[in-house]
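A.B. asks: All I have is the shape, not the residue letters:
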């Protein structure tokens, strides 16, 4: 994997995948502070399940089972929350055991208690987007030749190490011909795209294996400008991608984050109640056509404080 293909996959993902913005909406509405407790609020789980079911219409996640799994593995979750995919040591036995335990627990949080590996990866990534990488059957088949090998062992001991190797190749391509460290390159990728690197890797895998035909057509018809950008060192292409990506959805994401931060601040100042904050969150999530109204309302309320 190199940075040119990663950024092109990121662009194509938002061009062809109509569900792409559901992830952005989930992340914008997620309140990370509420995940620092073994007892997850219903509103956070509702937001999470709403994101998952928009991708998997057969998802039958059970809220209480997920909350129980989260609580039971909270110490491991907290341990991993302090680590990113960039710095995680996948050879550490504790890391391996913790990821495996969390993955297995999340995989059976559904009505039938059937082992749902793809949903488990989505739940884990949504919980910690800086570490976990999502997968699906097409990605597994593309990488390993067999889509039904979906155990936590496969995820921990084969998939994540392979993605770590891909990450090293990706960062090496960013550094070539540039005065950048690996950490600098990692941070720049996230800044340019507005997604975590694990999410960007997922987008690359998704376009390469799950939407192979569409991505192939996209690459065959890329503009002359993009072809020229592909041949340039990473730092020389940054301005191109910075100018392109925000025109898509960063403005909406920024406004959503501002809205969530504002109502969270209102709650801290006791301007609104917990119930009122939840109502604001639900209205913002369920009625996107009314967001201009709600944004103006909280902005005016902020001016009165």
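C.D. replies: That came through fine. Quick caveat: nothing in here was measured; it's all calculated off a predicted structure.

A.B. asks: following whatever helix or strand residue 76 lives in, which helix or strand shows up next?
C.D. replies: Secondary structure from DSSP states H and E places residue 76 in helix 74-81. For helix 74-81, the following helix or strand on the C-terminal side (DSSP H and E) is helix 93-107.

A.B. asks: before we move on, the earlier item: in the helix holding residue 76, what's buried?
C.D. replies: 74, 76-77, 80-81 (16 or more other Cβ atoms under 10 Å). No exception for glycine: its C-beta is placed from N, CA and C like everyone else's.

A.B. asks: What pLDDT does the model give residue 45?
C.D. replies: Note for residue 45: predicted pLDDT of 94.

A.B. asks: wouldn't it be in contact with residue 64 here?
C.D. replies: No. Using Cβ atoms under 8 Å, residue 45 is not in contact with residue 64; the gap is 9.1 Å.

A.B. asks: Between the buried residues of helix 74-81, which sits nearest residue 9?
C.D. replies: Among the buried residues of helix 74-81, residue 80 lies closest to residue 9 (Cβ to Cβ), at 26.1 Å.

A.B. asks: which stretches of this protein have low pLDDT?
C.D. replies: Along the chain, segments meeting pLDDT under 70 span 243-254.

A.B. asks: So if we follow the domain assignment, how does it break up?
C.D. replies: 3-248, 249-305 (automatic domain parsing).

A.B. asks: most packed of those?
C.D. replies: Stretch with highest mean neighbour count among the domains of the chain: domain 3-248 (a mean of 17; mean count of other Cβ atoms under 10 Å).

A.B. asks: Which SSE is immediately downstream of the longest helix seen in the chain?
C.D. replies: Secondary structure assigned by DSSP state H gives helix 250-268 as the longest helix of the chain. On the C-terminal side of helix 250-268, the closest following helix or strand by DSSP H and E is helix 274-286.

A.B. asks: coming back round to it: can you name the two of the buried residues of helix 74-81 that are farthest apart?
C.D. replies: Every pair of these checked by Cβ to Cβ; the farthest is 74 and 80, at 10.8 Å.

A.B. asks: Please, which helix or strand holds the residue nearest to residue 30 when sequence neighbours are not counted?
C.D. replies: Using Cβ to Cβ, 6 or more residues apart in numbering and skipping residues adjacent in sequence, the residue nearest residue 30 is residue 47, 6.5 Å away. Residue 47 is part of helix 42-55, with elements assigned from DSSP H and E.

A.B. asks: Tell me which residues are up against that helix.
C.D. replies: Outside helix 42-55, the residues that touch it by Cβ atoms under 8 Å, 6 or more residues apart in numbering are 19, 22-23, 25-26, 29-31, 34-35, 59, 61, 63, 66-67, 119, 122-123, 126, 278, 281-282, 285.

A.B. asks: Helices of the stretch 151-300 of the chain, residue ranges please.
C.D. replies: Along the stretch 151-300 of the chain, the segments classed as helices by DSSP state H, counting those that start in this stretch run 152-154, 160-175, 182-193, 197-205, 212-220, 224-230, 234-244, 250-268, 274-286, 291-304.

A.B. asks: Export these as TSV, with columns for distance to residue 130.
C.D. replies: As requested, those are arranged in TSV below (distance: least, Cβ to Cβ, whole Å):
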stretch	distance to residue 130
helix 152-154	20
helix 160-175	13
helix 182-193	9
helix 197-205	7
helix 212-220	25
helix 224-230	27
helix 234-244	21
helix 250-268	17
helix 274-286	23
helix 291-304	27
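
A.B. asks: how about the ones you listed, which one is nearest residue 109?
C.D. replies: Residue 109 lies closest, by Cβ to Cβ, to one member of the helices of the stretch 151-300 of the chain: helix 152-154, at 13.8 Å.

A.B. asks: Residues touching the closest one, excluding its own?
C.D. replies: 99-100, 103-104, 107, 120, 140, 144.
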